[in-house]
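# Have a look at this prediction, sequence included:
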Amino acid sequence: MTQCKCIDTQQAAELIREGAAVTDIRDAQSYAQGHIQGASNLNNENLHQFITDADMDKPLLVCCYHGISSQSAAQFLIEQGFDDVYSINGGFEAWRVEQPELCDTP
């Protein structure tokens, strides 16, 4: 079985530039306070629709707070049929420090 890949923020930024999709599994309030540009907020309420609408062949990056929960979420998405799924090491906390130019903040 395929395993999710853990990548650093630099590798993630490159994949985004190449067209990878990004999903953020943090709570809606944290997402609203700042997230990776272009990221969708994934939660239990919109999970089914996300899976239905997604291009499962396109690389998908999963982001959480610190890069721990995203590993489980990424693995779950692989089990749902996604081919190329990555967890971002350090999560959004690392992202906002290392890739601030690619953050959407209010």
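Perfect, thanks for sending it.
# secondary structure element for the residue nearest to the spatial centre of the chain?
The centroid of the chain falls nearest to residue 62 when counting by Cα atoms, centre = their mean (2.1 Å). For residue 62, the host element (DSSP states H and E) is strand 60-63.
# Residues in contact with that strand: which ones?
4, 7, 12, 15-16, 20-26, 35-36, 39, 42, 54, 70, 73-74, 77, 82, 84-88, 91-92, 95 (Cβ atoms under 8 Å, 6 or more residues apart in numbering). Backbone N, C-alpha and C define where each C-beta goes, glycine included.
# And stretch 67-79, by the same measure?
Residues contacting stretch 67-79 (Cβ under 8 Å, 6+ apart): 1-4, 6, 25, 42, 51, 60, 62-64, 85-91, 94.
# okay, and for the protein, where does confidence drop off?
Scanning the chain for pLDDT under 70 picks out 1.
# Which parts of it are strands?
For the chain, the strands defined by DSSP state E cover 5-7, 21-24, 35-36, 40-41, 60-63, 85-88, 103-104.
# Of all those, which one comes closest to residue 47?
strand 21-24 (9.9 Å; Cβ to Cβ).
# ok, longest helix in the chain?
Counting residues, the longest helix found in the chain (DSSP state H) is helix 69-79.
# Run the chain-centre distance for it.
Distance of helix 69-79 from the chain centroid (Cα atoms, centre = their mean, to the nearest Å) equals 10 Å.
# what's the spacing between residue 69 and residue 14?
23 Å (Cβ to Cβ, to the nearest Å).
# OK, contacts around residue 36?
Applying Cβ under 8 Å, 6+ apart, the residues near residue 36 are 16, 22, 24, 61, 63, 92, 95, 99, 102-104.
# which non-adjacent residue is nearest it?
Using Cβ to Cβ, 6 or more residues apart in numbering and skipping the chain neighbours, the partner closest in space to residue 36 is residue 22 (5.0 Å).
# Now for the one you found, how many residues are close by?
23 (other Cβ atoms under 10 Å).
# related to what we said a few turns ago, looking at residue 69 and residue 14, which has the bigger crowd around it?
Between residue 69 and residue 14, residue 69 has the larger neighbour count (other Cβ under 10 Å), namely 16 against 11.
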